[in-house]
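Undergrad: structure here, sequence nowhere to be found:
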Ligand code: AMP
Ligand code: GLY
C-alpha cells in the first residue's frame, strides 16, 4: 500500500513512523513533512491547504490511504474532495469538521443534546460583549468562534483582561474572520485530559488510550496558551469509571447528535475535557483530528498496527477491532524555540538526535528542516517532541528528560515539569 500523510508537525512525524512500521505499507509520503519525516517517508512539497494539489498527487501516485493531521484541510473539505474522486481518506467531511471549525456550532449542539459543557453566551459586537463582562465573576474565558491555531482562547482574570481580549479578537481582528463572533464562557476548574476516539462510517467508536496535554508555556501551567508543550499517556485522571462516563455522557451522544444533524462524523474525534474534583467530565472543545503533541506518546504506546484499523474504519467495521497498548507510560517533552508562542528565531542548530534515539527515546521532529549545507535546523516554534517510555511515570519522565539533555541546540527551551500531574496522582 501507499499511504499519504498530510501535515508537517510532530503529530505527523509520529504518524509517519507508525505507518512506516506496518507490514502492509510499501511507501509513505508526507506533504509537506519535515526533516524528521524524510527519514521514513518521501516528503512532497505541497502545502496542507492546497487541496487540488494534494488530490492531483494522490491520483497520480495511486495513494491507497490518506490520513490528515491538521484541522485546516479538514474544515476546507479535503475528505469530501478525495472521496468524490474515489480515494480512500480517513477523516471527517467538511460538514462534520465544523465541530472544530465553529465553537458556536459546537456549543449549540452540546446545549441542544444536553451534553455537559461550560455555560456560555455568544456576541457579534464588542459593545454588548463588554457590557456583559462587567457583571461577570472572574475568571471568564473568551474565545474567538473560528479557527485560530489554538491561540484564540483567553482566560481573563479581571475586567481589564476581558476588555483587551474582546478588543484583540473583535476589533483588531487578530485572528481575522475567526473573530467575527466570540463566546464568553464560564471558567471550569479541574484537571484537563484529552480523550481521542476513532469513529467509522457506521458510527462505531473505538477509543484510543487517554492522554494529557500541557497547554501553557511555563512550568506549573503558567503563561500563555500554546499548541502544547508536552504530553503523556495514559492520563491517570481518566479512571475506568470516568472513561465510562466520558463515553456515555459525551462521546456516544455527540456521535449520535452529528448523525441526527445530518453531519455524520468519521475520523479521529478528540474531546478536550475538564474533569472536576467529583469526577464529572465536561467538554472544553472538540478537535476533529489527532492531538499534537498527544499523538507522540500515543503512537509510542500503540502496539497494534494502525493501518488495518484505519482500513476497517473506512469499511464501517471498527466494532471488529481492538487496539493493544504498551502498558508502560509514555512522556513527551516538547522543545520549542526561545520566544514561542510569541516571535522566535528560526534556523537554530540541532544535534545529537541519533545518540538519544539509540538510547531508546524517540525524537519526533516538528518545526525542523535541513539547511543548504544539509544541517538540521529549526523552522518553527515547536521543534522537537522528545518521547520516552517507562514502567512508571517517574521512569518515563526521567528517560524523556535524560534524552532532552542529550540534544545540543542554540536556543530551544522546554518545560521542566511535564508529567508531574501524573506523578502526583
Ligand atoms: P480550547 O481551545 O477551547 O480547548 O481552549 C484552550 C485551553 O483553554 C483549554 O485547553 C483550557 O486549558 C483552557 N480553557 C478553555 N475553555 C475553558 C473553560 N471554560 N474553563 C477553563 N479553562 C478553559
Ligand atoms: N494538543 C492540543 C491540540 O492538538 O489541539
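TA: Now that the structure is in, tell me what you want to look at. Keep in mind that this is a model prediction, so the values were computed, not measured. Ligands and ions are numbered 1, 2, ... in the order given.
Undergrad: now residue 396: closest residue in space that isn't a chain neighbour?
TA: residue 390 (3.1 Å; Cβ to Cβ, 6 or more residues apart in numbering). For the C-beta atoms, the positions are set from N, CA and C on the backbone; glycine is no exception.
Undergrad: and the one you found, its phi and psi?
TA: phi -160, psi 160 (degrees, to the nearest 10).
Undergrad: residues from this protein in reach of ligand 2?
TA: Neighbours of ligand 2 within the chain, by Cβ under 6 Å from any ligand atom: 150, 213, 228, 287, 291, 292, 294.
Undergrad: what is the burial count for the second one?
TA: Other residues within reach of residue 213, judged by other Cβ atoms under 10 Å, total 24.
Undergrad: tell me where the model's unsure across the stretch 101-250 of the chain.
TA: Within the stretch 101-250 of the chain, the ranges that satisfy pLDDT under 70 run 150.
Undergrad: look up which residues are beta-bridged to the residue nearest to residue 396.
TA: residue 329 (DSSP bridges).
Undergrad: quick one, helices of the stretch 301-425 of the chain?
TA: 306-314, 353-358, 393-405, 420-424 (DSSP state H, counting those that start in this stretch).
Undergrad: how about the second one: buried residues?
TA: Spelled out, it's helix 353-358. 353, 356 (16 or more other Cβ atoms under 10 Å).
Undergrad: the last one too?
TA: Buried residues in helix 420-424, counting neighbours by 16+ other Cβ under 10 Å, are found at 420, 421, 422, 423.
Undergrad: ok now do the residue lying closest to residue 213 once chain neighbours are set aside, which residues does it touch?
TA: Nearest in space to residue 213, with sequence neighbours left out and distances taken as Cβ to Cβ, 6+ apart, is residue 228 at 4.6 Å. With contact taken as Cβ atoms under 8 Å, 6 or more residues apart in numbering, residue 228 is in contact with 150, 213, 214, 215, 291, 292, 293, 294, 334, 382.
Undergrad: just among the residues you listed, which is most surrounded?
TA: residue 334 (32 neighbours).
Undergrad: thinking it is in contact with residue 217, fair?
TA: No. Counting by Cβ atoms under 8 Å, residue 334 sits too far from residue 217 to count as a contact (10.1 Å).
Undergrad: quickly list what's touching both of those two.
TA: With Cβ under 8 Å, 6+ apart as the test, residue 334 and residue 217 both reach 229, 415.
Undergrad: hey, where'd the strands end up in the stretch 201-350 of the chain?
TA: Secondary structure of the stretch 201-350 of the chain (DSSP state E, counting those that start in this stretch): strands located at 205-207, 212-213, 216-218, 222-225, 230-233, 267-275, 281-287, 329-337, 350-351.
Undergrad: among these, which is the most enclosed?
TA: strand 230-233 (a mean of 30; mean count of other Cβ atoms under 10 Å).
Undergrad: now for that one, which elements pack on it?
TA: strand 212-213, helix 295-301, strand 329-337 (3 or more Cβ pairs under 8 Å, 6 or more residues apart in numbering; DSSP states H and E).
Undergrad: please redo it, this time with the cut-off set to 6 Å
TA: helix 295-301, strand 329-337 (3 or more Cβ pairs under 6 Å, 6 or more residues apart in numbering; DSSP states H and E).
Undergrad: about what we covered before: to ligand 1, which of the helices of the stretch 301-425 of the chain lies closest?
TA: helix 420-424 (12.7 Å; Cβ to the nearest ligand atom).
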